[in-house]
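*Asks:* Fold the stuff below for me.
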Amino acid sequence: MKKLNLLFIGVLSMSSVMAQDISDAVRYSQDEVQGTARFRSMSGAFGALGGDMSAVSINPAGSSIFTHSHASISISNVGTKNDINYFNGLSSSSDSKFDLNQTGAAFVFNNMNSDSPWRKFALGVSYDKISNFENSWRSRGVNTNSNNIGNYFLGYAQGLRLDQISALDNESLATAYSEINRLYGFSNQQAFLGYESYILEPGIDADDNTSYQSNIRGNNFDQSYTYAATGYNGKFSFNASTQVGDNFYFGLNLNSHFINYDKFTDLQESNTNVGSLIKDVRFQNTLSTIGSGFSFQLGAIAKIDALRVGLSYNSPTWYTISEETTQYLGTIRTEGGSNMTQIIDPHVVNVYPDYKLQTPGKITGSLAYIFGDTGLISFDYSLKDYGNTKFKPTSDPYFASQNGIMNNTLRNASTYRLGGEYRIQQVSLRGGYRFEESPYKNDSFYGNLNGYSVGLGYNFGNVKLDVAYDHAQRDYNHQLYAVGLTDAAQIDSKNSNFTLTLGFSL
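*Replies:* This is a model prediction of the structure:
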């Protein structure tokens, strides 16, 4: 009879088998095009300029600025440094790696009919990395908020029947872990881990019990948390643009997006608190995410003597995302004067149904002034309403609640980019600054980004060599878990990049 109950309730609870939340949505909604060395050395202020493969990724009209067909390839050394504070426990981490972050080509076709207003056409294809997920750090401190990992499992368990979060007679923990997730979903599975590891104690030992307490007690908990992520978000773009008359350029990009993201977290918690049955806990989680999506861009550039004006629109990106997880939980408890160990290591990969995510669109306005052959100065302003981010289908009750949270928590965020270039014969000197507002209304939780850049280039004629250095800094809080143990590590994150680009006139 118990198995029949499980199957029936499981059918009713398939709509939200895993708790996607606001952090997932924001991660995939940010689109910092990394681009060529020239683009990066001017902090990406290229919306009114064109004539660069990464500029085309900002404003698709930019490919018609090329006078000849053009190709480029860029590699970067990406460096990340984190300073972490968790309950006055200070630590730091740093890492760097080489990466191919851009390549592409634009093919320019001049119209030889002088009577036609259509002066030029361009077709292009490019690859750009738009987000880098590589990051790893470790925090450690003594949590004096009386908050511990037991509250994570307790938060999921309260209100759930005991027979819906426990193994059947003679059923292995691995089988029960898998079946409870399949029939009930993520919340019951987490409660199962808490109960079978002895962290949770039911109010009464009966199938219909729905009240629990934690066997982890006290005020001070030594907690160590490791975070390691790899992967990236990239896009392939197919571009078409045209020059109309002497002063107007129009373009279209069709973009194919892809996500590859892997995350590993490891919490180790210990205590010597009087009255705490559980003394040590180790809780590990892995997440593997792949996704694909589509977006389009429209853009225009106008020349007014030495002034350039640009306007572009980025549509929302419509993603389909797949996720898999694994978990490990180990506890040590004091029982009868002896230490007893309980390990739940099911070696089960949880494969969840695909879900859809719609990221917000963006509008960019640009101005640039060209000082003849001497140089230029350029400014871009972008606006993106992160509150329009949506999980789909919106009719799903869980997704609807998350969409409401995002609408209330996220905001319309502006980005400002300023860049300049000064030419001395074949040598170009460049610099830039950028400021990106936090997507969160509470920017103390996730701060604004400040960055600067410098670079130089040398024109060999048909070949151009460019190098750039850019640096960006942001403070943010990393909440350990979405439920229960919601304390956060404060992170001062700095990213530094050296980029080398080789460009060719074809």
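*Asks:* The stretch 401-506 of the chain: strands as residue ranges?
*Replies:* Secondary structure of the stretch 401-506 of the chain (DSSP state E, counting those that start in this stretch): strands located at 412-424, 427-436, 449-459, 463-479, 488-505.
*Asks:* Mind putting those strands into a markdown table with mean pLDDT and mean neighbour count?
*Replies:* Any C-beta I mention is one placed from the backbone N, CA and C, and that applies to glycine too. Putting these into a markdown table (pLDDT from 0 to 100; neighbours: other C-beta atoms under 10 Å) gives the following:
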| stretch | mean pLDDT | mean neighbour count |
| --- | --- | --- |
| strand 412-424 | 97 | 18 |
| strand 427-436 | 97 | 19 |
| strand 449-459 | 97 | 19 |
| strand 463-479 | 96 | 18 |
| strand 488-505 | 95 | 19 |
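*Asks:* What average pLDDT does the lengthiest helix in the chain get?
*Replies:* Across the chain, the helix with the greatest residue count (assigned by DSSP state H) is helix 397-409. What helix 397-409 shows for mean pLDDT is 90.
*Asks:* Same question for stretch 54-61.
*Replies:* Mean pLDDT, stretch 54-61: 95.
*Asks:* from the chain's centre, how far out does it sit?
*Replies:* Computed by C-alpha atoms, centre = their mean, to the nearest Å, the chain-centroid distance of stretch 54-61 equals 22 Å.
*Asks:* Reformat the strands of the stretch 401-506 of the chain as TSV; add distance to residue 75.
*Replies:* Formatted as TSV, the strands of the stretch 401-506 of the chain follow (distance: least, C-beta to C-beta, whole Å):
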stretch	distance to residue 75
strand 412-424	21
strand 427-436	18
strand 449-459	14
strand 463-479	11
strand 488-505	6
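*Asks:* The single longest strand found in the chain: which residues count as buried?
*Replies:* Ordering each strand of the chain by length in residues (DSSP state E) puts strand 278-304 first. Of all the residues in strand 278-304, those buried under the rule 16 or more other C-beta atoms under 10 Å are 278-279, 281-284, 286-291, 293, 295-301, 303.
*Asks:* elements contacting it?
*Replies:* Helices and strands touching strand 278-304, by 3 or more C-beta pairs under 8 Å, 6 or more residues apart in numbering; DSSP states H and E, are helix 150-157, strand 221-244, strand 248-270, strand 307-314, strand 318-335.
*Asks:* Just want the angle from that strand to helix 150-157.
*Replies:* Strand 278-304 and helix 150-157 are oriented at 80 degrees to each other (axes from the mean of the first three to the mean of the last three C-alpha atoms, to 10 degrees).
*Asks:* So for stretch 118-126, what gets flagged as buried?
*Replies:* Counting neighbours by 16+ other C-beta under 10 Å, stretch 118-126 gives 119, 120, 121, 122, 124, 126 as buried.
*Asks:* Would you indicate which residues of stretch 481-490 are buried?
*Replies:* For stretch 481-490, the neighbour count (16+ other C-beta under 10 Å) marks 481, 484, 485, 487, 489 as buried.
*Asks:* that's a strand at residue 204, yeah?
*Replies:* No. Going by DSSP: H, G, I helix; E, B strand; the rest coil, the assignment for residue 204 is coil, not a strand.
*Asks:* Quick one: residues contacting it.
*Replies:* Going by C-beta atoms under 8 Å, 6 or more residues apart in numbering, residue 204 touches residue 211.
*Asks:* separation between it and residue 198?
*Replies:* Going from residue 204 to residue 198 by C-beta to C-beta, to the nearest Å gives 17 Å.
*Asks:* do residue 102 as well
*Replies:* Residue 102 is 52 Å from residue 198, by C-beta to C-beta.
*Asks:* Comparing these two, which residue is more hemmed in?
*Replies:* A count of neighbours by other C-beta atoms under 10 Å puts residue 102 above the other of residue 102 and residue 198, at 27 against 17.
*Asks:* Just read off the phi/psi values of that one.
*Replies:* Torsion angles at residue 102 (phi, psi; degrees, to the nearest 10) stand at phi -160, psi 140.
*Asks:* ok, and the closest non-adjacent residue to it?
*Replies:* Sequence neighbours aside, residue 74 is the residue nearest to residue 102 in space, at 4.0 Å (criterion: C-beta to C-beta, 6 or more residues apart in numbering).
*Asks:* and what of residue 176?
*Replies:* residue 167 (3.7 Å).
*Asks:* Just say helix, strand or coil for the one you found.
*Replies:* Following three-state DSSP, residue 167 is assigned to coil.
*Asks:* Could you list which residues are in contact with it?
*Replies:* Contact analysis of residue 167 by C-beta under 8 Å, 6+ apart lists 173, 175, 176, 192, 196.
*Asks:* Quick one, which of the residues you listed are buried?
*Replies:* If we count by 16+ other C-beta under 10 Å, the contacts of residue 167 have these buried: 173, 176, 192, 196.
*Asks:* isn't the third one right next to residue 176, touching?
*Replies:* Going back to what we said before, that points to residue 192. Yes. Between residue 192 and residue 176 there is a contact under C-beta atoms under 8 Å: 6.7 Å.
*Asks:* which neighbours do those two share?
*Replies:* With C-beta under 8 Å, 6+ apart as the test, residue 192 and residue 176 both reach 166, 167.
*Asks:* in what helix or strand does residue 40 lie?
*Replies:* helix 37-41 (DSSP states H and E).
*Asks:* Quick check: the gap between residue 188 and residue 160.
*Replies:* Taking C-beta to C-beta as the measure, residue 188 and residue 160 are separated by 6 Å.
*Asks:* out of the two, which sits in the busier spot?
*Replies:* Using other C-beta under 10 Å as the criterion, residue 188 and residue 160 rank with residue 188 on top: 23 against 20.
*Asks:* Next, that one: secondary structure please.
*Replies:* Of the three states, residue 188 takes helix under three-state DSSP.
*Asks:* now do the one 3 residues further on
*Replies:* For residue 191, the secondary-structure state derived from three-state DSSP is helix.
*Asks:* Contacts only, for the residue lying closest to it once chain neighbours are set aside.
*Replies:* Residue nearest to residue 191 in three dimensions, not counting chain neighbours: residue 157, with 3.7 Å by C-beta to C-beta, 6+ apart. Residues near residue 157 by C-beta under 8 Å, 6+ apart: 165, 190, 191, 194, 195, 200, 212.
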